[in-house]
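S.K.: All I have is the shape, not the residue letters:
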């Protein structure tokens, strides 16, 4: 079978692990080929040209040989890697947030399933994390990405109707988003819920065209009138964890451990 060569592909490294004494397996998120696994032979050697380049949360251009059938989720051979530049490595809470996004993509995206709009969104968020433009407001950035990620992969129900009945939401009533049941009227036992007006505002922002959707969602979540950001966080995290499966996300556990110190 003929070997296919991929060159100059926009990419980010989501995760890497040892393959041998001198090589690495890289889990990469690429714009045109989705999540792919690449073996970087000799990347751990001090003399390797790959060594200073293969870092997470940095924009790269990768080249590799693609053997076998496309879509089979095989591991391919890395042939070239170039740092694109543009921002420095995030630090502190921004670094943890970036690693959290990487883990979400690792757990939720199938290999070789293309998501170009999601790649562009991720690249923009990573750029914000590295530049410090988020200031102290990391939470709205993460909530906007979570919402758009869930929508992109088909795991977010419509946020302007009750999922089971398709009844429109009442502005003043409260509703909760459940992993198994979607959006439904909140009960006194529900710890987290938002008003119908808040859910509808989120849906309108998600309905914006293309790249404008992220900015619209971010404005809603970060807006002064959105007083329930913590409740939205709890509901989205429960939904994401449900679809990621067990165990608990490692980055989430690390954040919880740090907060308890």
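M.R.: In hand now; what should we look at? Given the structure is predicted, the values throughout are model-derived calculations rather than measurements.
S.K.: rest of the way, CA atoms for contacts and neighbours
M.R.: OK.
S.K.: where in the stretch 1-150 of the chain is pLDDT low?
M.R.: For the stretch 1-150 of the chain, the stretches flagged by pLDDT under 70 are 1-2, 67-73, 133-136.
S.K.: what about the strands in it?
M.R.: 4-18, 24-30, 34-40, 60-66, 75-83 (DSSP state E, counting those that start in this stretch).
S.K.: Can you tell me which of those strands is nearest to residue 234?
M.R.: When the strands of the stretch 1-150 of the chain are compared by C-alpha to C-alpha, strand 4-18 sits nearest residue 234, at 24.4 Å.
S.K.: Going by contacts, tell me the helices and strands next to that closest one.
M.R.: Judged by 3 or more C-alpha pairs under 8 Å, 6 or more residues apart in numbering; DSSP states H and E, strand 4-18 is in contact with strand 24-30, strand 60-66, helix 92-108.
S.K.: Show me what counts as buried in that strand.
M.R.: For strand 4-18, the neighbour count (16 or more other C-alpha atoms under 10 Å) marks 9-16 as buried.
S.K.: Dump these to a markdown table, plus distance to residue 159.
M.R.: Output for the buried residues of strand 4-18, formatted as a markdown table (distance: C-alpha to C-alpha, whole Å):
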| residue | distance to residue 159 |
| --- | --- |
| 9 | 35 |
| 10 | 33 |
| 11 | 32 |
| 12 | 31 |
| 13 | 32 |
| 14 | 30 |
| 15 | 32 |
| 16 | 36 |
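S.K.: now, which of the residues you listed sits nearest residue 210?
M.R.: Distances from residue 210 to the buried residues of strand 4-18, taken by C-alpha to C-alpha, are shortest for residue 10, at 19.3 Å.
S.K.: what's the closest one in contact with, if anything?
M.R.: Taking C-alpha atoms under 8 Å, 6 or more residues apart in numbering, we find residue 10 in contact with 30-32, 59-62.
S.K.: swap in residue 23?
M.R.: Listed by C-alpha under 8 Å, 6+ apart, the contact set of residue 23 reads 39-44.
S.K.: how much space is there between it and residue 54?
M.R.: 12 Å (C-alpha to C-alpha, to the nearest Å).
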